[in-house]
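>>> just the structure for this:
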Amino acid sequence: MALFDTFAAVISEMPARAILHSLELERRMIEDDILSGRTFAEDDSDSILQFCRFVKGMKLAVAQPRAAVPLPVPAVALPREHVDFYRKTVIRLIKAKVLPDDTLKRFELAFAGASRKAVEDFLDFAVH
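Numbering: from 1, shown residues only. So this is what the prediction gives:
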């Protein structure tokens, strides 16, 4: 099973209130693995890392509302299934009042362009 598939399965089964802690642990683990040379920044680990950083940034924005917290934007195009799963997870976190209501809008700004397929679909729709 690929890293993303395992990650998605675990997060999907987890109560929404436990997700933030798990994302923080996953972020630290992937960063440590990359820094220590145990793994390389492959597509799945980079994708998960980008999502974990986004959620952490949103949580920091809530904790420090007057601080200028930059919106993390993925540096690479992510597979559409990853972006779709992350969107569903963000919605779960908003519904559970773990993240603020504007998180979904910020997610779309940050991640919609991260999905090659989403961009292609938009361009196809806009042209026709």
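
>>> check whether residue 7 really touches residue 23, as I assumed.
No. Residue 7 lies out of contact with residue 23 (CB atoms under 8 Å); the separation is 9.6 Å. Using the backbone N, CA and C atoms, a C-beta is placed for each residue, glycine as well.

>>> distance of residue 80 relative to residue 112?
11 Å (CB to CB, to the nearest Å).

>>> show me what contacts the residue nearest in space to the middle of the chain?
Computing the C-alpha centroid of the chain and ranking residues by CA atoms, centre = their mean puts residue 51 first, at 2.1 Å. Residues near residue 51 by CB atoms under 8 Å, 6 or more residues apart in numbering: 23, 82, 86, 89.

>>> who has more neighbours, residue 80 and residue 112?
residue 80 (16 against 13; other CB atoms under 10 Å).

>>> using PDB, write out the CA atom coordinates for stretch 84-103.
Output of stretch 84-103 as PDB, limited to C-alpha atoms (Å, rounded to 0.1, in the frame of the first residue of the first chain):
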ATOM      1  CA  ASP A  84      -9.900  15.800  -3.000                       C
ATOM      2  CA  PHE A  85      -9.000  13.900   0.200                       C
ATOM      3  CA  TYR A  86      -7.400  16.900   1.800                       C
ATOM      4  CA  ARG A  87     -10.500  19.000   0.900                       C
ATOM      5  CA  LYS A  88     -12.800  16.400   2.600                       C
ATOM      6  CA  THR A  89     -10.500  16.400   5.700                       C
ATOM      7  CA  VAL A  90     -10.600  20.200   5.900                       C
ATOM      8  CA  ILE A  91     -14.400  20.100   5.800                       C
ATOM      9  CA  ARG A  92     -14.400  17.600   8.600                       C
ATOM     10  CA  LEU A  93     -12.200  19.800  10.700                       C
ATOM     11  CA  ILE A  94     -14.300  22.900  10.000                       C
ATOM     12  CA  LYS A  95     -17.500  21.000  10.900                       C
ATOM     13  CA  ALA A  96     -15.900  19.800  14.200                       C
ATOM     14  CA  LYS A  97     -14.900  23.500  14.900                       C
ATOM     15  CA  VAL A  98     -11.200  22.500  14.900                       C
ATOM     16  CA  LEU A  99     -10.400  25.000  12.100                       C
ATOM     17  CA  PRO A 100     -12.100  28.300  11.300                       C
ATOM     18  CA  ASP A 101     -14.900  28.600   8.600                       C
ATOM     19  CA  ASP A 102     -12.600  30.400   6.200                       C
ATOM     20  CA  THR A 103     -10.200  27.500   6.000                       C
END
